[in-house]
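# okay, here's the prediction I keep looking at, along with the sequence it came from:
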Amino acid sequence: MKTAWEEKAARMNEEAAAKLAEAEANCPSPAPSNTSLAGNAAGPAEPVWECCWDNCDWQFEDSADCVEHTVAEGTGHVYQTFQGVPASGK
């Protein structure tokens, strides 16, 4: 009984792989080329995260560092922006 299920699963996996290959072959957009990702001889270029708040042009190698830069208490852009906003009287 177990072998029947294993055979059915193998057949379904083959059918799914065939459908995926067919869909990829008929895809209108080209696959990304390796040349577009080749940053240098060491490997692909790493993403750069840039703070776009007003006139800030700081750049970071890690998205967490960029977020910390914008929301840091006391020095972050968000903190400084809302520091001058009066509290609502509700």
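Structure received. Small disclaimer: the values here were computed from a predicted structure and weren't measured.
# give me the neighbour count for Trp59.
I think there's a mix-up here, since residue 59 is Gln and not Trp. 11 (other Cβ atoms under 10 Å). Placement of C-beta: from N, CA and C, glycine included.
# now do Gly74
Neighbours of Gly74 using other Cβ under 10 Å come to 7.
# roughly how far apart are it and Glu14?
Per Cβ to Cβ, to the nearest Å, Gly74 is found 60 Å from Glu14.
# swap in Glu61?
In terms of Cβ to Cβ, Glu61 sits 43 Å off from Glu14.
# so which elements touch the lengthiest helix in the chain?
If you go by DSSP state H, the chain has its longest helix at helix 2-25. Judged by 3 or more Cβ pairs under 8 Å, 6 or more residues apart in numbering; DSSP states H and E, helix 2-25 is in contact with no other helix or strand.
# which residues sit against it?
For helix 2-25, there are no surrounding residues in contact (Cβ atoms under 8 Å, 6 or more residues apart in numbering).
# likewise for stretch 61-72?
With contact meaning Cβ under 8 Å, 6+ apart, stretch 61-72 is reached by Glu46, Val48, Trp49, Glu50, Cys51, Trp53, Trp58, Phe60, Gly76, His77, Val78, Tyr79.
# one more time with 6 Å
Residues outside stretch 61-72 that contact it (Cβ atoms under 6 Å, 6 or more residues apart in numbering): Trp49, Cys51, Phe60, Gly76, His77, Val78.
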